[in-house]
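Peer 1: Predicted model follows, preceded by the sequence.
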Amino acid sequence: MAEIKTPKSFNNLTAITSIDGRFRGRVEYISKYFSEYATIKGRVFVEVEYLISILKQIDQSTSIDQKKKLRFIASNFNEKDAINIRKKDEEINHDTKAVEYFLIEKLKKMKFENLVNYLHFGLTSTDVDNIALSLSLDTFKKEVLSSKIKSLINILTKIAYEHKNMVMLARTHGQVAVPTTAGKEVSNFATRLSVQLNKLGKIKTGSKISGATGNHNALIAAYPKIDWLNFSRTFLNNLGLEYYPMSTQVEPYEHKVEFIQAVKRINLVVLAIDADIWRYLALGYISIRDEKGHIGSSTMPQKINPIGFEMSESYLNLANGILSVLEEKLPLNRWQRDLTDKYLLRDLGQALAMSVLAYESTTEAFKHIGFNKGIIEKELDNHWESIAEGIQTILRTTNYTQPYEKLKELTLGKAVTKETYENFIEEIDVDKKTKEKLRKLSPNNYIGLAKELSK
């Protein structure tokens, strides 16, 4: 049975996945990197570049004009060409071989019949496929992924700077802890993302080009005196890719797995941002500014829902689910080859589209929030127990007996007022200098280096 069947015409309203359905308009540009069309076009590019390189290697170099005409096949590749290849694929049930047949027809029309035998020379399908995908991944990372993450970092940095002096209660285990600043908490996420983006940028993109079992068997049989290891390395390096000297029919996948893991880590940081902002909205620390004409609830007219953060959270979880399967399964091909990796990688683009959609959603949502200074200041003033840590620590520098236990007795499970603390300080047996130091403490100034850190 044929693997594929040409579908009936459909549009975003009849698409099965939400990425190509409801959100196609927001992510359709990603099809340039990950789609059936992008995959076919990538294969054509690799086959043409390999043909030019192999001819040079065996001393049958093409002229400048011939190279120009050959490369024009790839640069001028269009949807009509892809449809023709797809039809051939459906006929023969082999997607990569269909590209080879397409190129044979092109060469014949260009009167390059003498080059036909050197198409796909000494290659296996995965040589072409993994190189084409590696090039798409590398370009996508540079042109889309990094810029979307930078946009989120930029808006976080802006918000952190604007609110570097806004003191607010922190919470650990969901309970009132010691004060912090809004700027520092937002800056923490910006810093985490910056670190992960830097690591993502350093990940190399690798490929293999070594034949049916990774040994260059066919090339050695045809031209035993040529250094095919050096040829493969040079060919891939010239395309901007790293070279796997050791492989089976498939690449080892270490580079792609590192990329997947980096994206997963970034997604986890953004998930943490979404969840924390959602909780600050629930506390009333943050509000969403309404957009004219938008409806928050079909029945409760007062509501403005944090759908930007919630959508981001949903798609990041879905993306990481797909990425986790890829991370675990890609390196596990049986013996020298099975096709599990090829099928799995067809949905890498979906996971990356979900990730980008989430980054954009979170970035856009941050443009419509504001901090409620009055609520934040009121809650600070209602929770003087938030400075208990500071008071007991200062008392530890004196001869005061059991400072932690005394503060625990005073504050445990209680909301403590300013007056309660003033009375406590008045009654304790410590010197005037220490009492003065304690009186200067308040929830508004017990913030350590939060302001400095937010810069």
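Peer 2: Happy to help now that I have it.
Peer 1: For residue 244, list the residues it contacts.
Peer 2: Taking C-beta atoms under 8 Å, 6 or more residues apart in numbering, we find residue 244 in contact with 206-208, 210, 251-252. For the C-beta atoms, the positions are set from N, CA and C on the backbone; glycine is no exception.
Peer 1: One more: residue 239?
Peer 2: Per C-beta under 8 Å, 6+ apart, neighbours of residue 239: 49, 131, 135.
Peer 1: re the thing from before, among the contacts of residue 244, give me the pair with the biggest separation.
Peer 2: 206 and 210 (12.4 Å; C-beta to C-beta).
Peer 1: All the strands of this protein, in order from the start?
Peer 2: Assigned by DSSP state E, the strands in the chain fall at 167-172, 175-181, 206-207, 242-243, 286-288, 369-371.
Peer 1: can those go into a markdown table with extra columns for mean neighbour count and mean pLDDT?
Peer 2: What follows is those, written out as a markdown table (neighbours: other C-beta atoms under 10 Å; pLDDT from 0 to 100):
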| stretch | mean neighbour count | mean pLDDT |
| --- | --- | --- |
| strand 167-172 | 18 | 95 |
| strand 175-181 | 19 | 94 |
| strand 206-207 | 26 | 95 |
| strand 242-243 | 17 | 96 |
| strand 286-288 | 18 | 90 |
| strand 369-371 | 16 | 93 |
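Peer 1: So for residue 307, which of these sits nearest?
Peer 2: Ranking these by proximity to residue 307 (C-beta to C-beta) places strand 286-288 first, at 9.3 Å.
Peer 1: so what strands line up beside the closest one?
Peer 2: Applying DSSP bridges, strand 286-288 is found paired with strand 369-371 (antiparallel).
Peer 1: how's the chain carved up into domains?
Peer 2: 28-118, 130-208+250-372, 382-448 (automatic domain parsing).
Peer 1: of all these, which lies closest to residue 8?
Peer 2: Closest to residue 8 of the domains of the chain, according to C-beta to C-beta: domain 28-118, at 14.3 Å.
Peer 1: Start and end of the closest one, how far apart?
Peer 2: With C-alpha to C-alpha, to the nearest Å as the measure, domain 28-118 spans 36 Å from end to end.
Peer 1: Repeat that for stretch 3-19.
Peer 2: 23 Å.
Peer 1: Give me the buried positions along that stretch.
Peer 2: residue 19 (16 or more other C-beta atoms under 10 Å).
Peer 1: can you state the direction angle for the helix or strand of the chain with the lowest mean pLDDT and strand 175-181?
Peer 2: Using mean pLDDT, DSSP states H and E, the weakest-scoring helix or strand in the chain turns out to be helix 403-411, at a mean of 84. Orientation of helix 403-411 against strand 175-181 (axes from the mean of the first three to the mean of the last three C-alpha atoms, to 10 degrees) gives an angle of 110 degrees.
Peer 1: So what's the gap between helix 403-411 and the chain middle?
Peer 2: In terms of C-alpha atoms, centre = their mean, to the nearest Å, the centre of helix 403-411 is found 46 Å from the chain centre.
Peer 1: swap in stretch 20-39?
Peer 2: With C-alpha atoms, centre = their mean, you get 16 Å for stretch 20-39.
Peer 1: what's the answer for stretch 143-161, then?
Peer 2: A distance of 13 Å separates the centroid of the chain from that of stretch 143-161, by C-alpha atoms, centre = their mean.
Peer 1: how near is the nearest residue in space to residue 165 that is not next to it in sequence to residue 167?
Peer 2: Once flanking residues are discounted, residue 165 sits nearest to residue 451: 6.2 Å by C-beta to C-beta, 6 or more residues apart in numbering. Note on residue 451: its distance to residue 167, by C-beta to C-beta, to the nearest Å, is 9 Å.
Peer 1: overlap in contacts of the two?
Peer 2: In contact with both residue 451 and residue 167: residue 181, using C-beta under 8 Å, 6+ apart.
Peer 1: hmm, back to that, can you convert the domains of the chain into a markdown table and add a column each for distance to residue 215?
Peer 2: Output for those, formatted as a markdown table (distance: least, C-beta to C-beta, whole Å):
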| stretch | distance to residue 215 |
| --- | --- |
| domain 28-118 | 17 |
| domain 130-208+250-372 | 10 |
| domain 382-448 | 61 |
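Peer 1: mean pLDDT lowest for which of these?
Peer 2: Lowest mean pLDDT of those: domain 382-448, a mean of 89.
Peer 1: Can you check the distance spanned by that one, start to finish?
Peer 2: Start-to-end span of domain 382-448 (C-alpha to C-alpha) is 20 Å.
Peer 1: And stretch 424-433, by the same measure?
Peer 2: Its start and end residues considered, stretch 424-433 measures 16 Å (C-alpha to C-alpha).
Peer 1: how about it: buried residues?
Peer 2: So, applying 16+ other C-beta under 10 Å, buried residues of stretch 424-433: 424-425, 428, 430.
Peer 1: before we move on, what about stretch 385-393?
Peer 2: Of the residues in stretch 385-393, those buried (16+ other C-beta under 10 Å) are 385-388, 390-392.
Peer 1: so which of the strands of the chain gets nearest residue 344?
Peer 2: strand 206-207 (17.0 Å).
Peer 1: Give me the number of neighbouring residues for the residue nearest to residue 165.
Peer 2: If you count neighbours by other C-beta atoms under 10 Å, residue 451 ends up with 16.
Peer 1: Surely it touches residue 180?
Peer 2: No: the criterion here is C-beta atoms under 8 Å, and residue 451 misses it with residue 180 at 10.0 Å.
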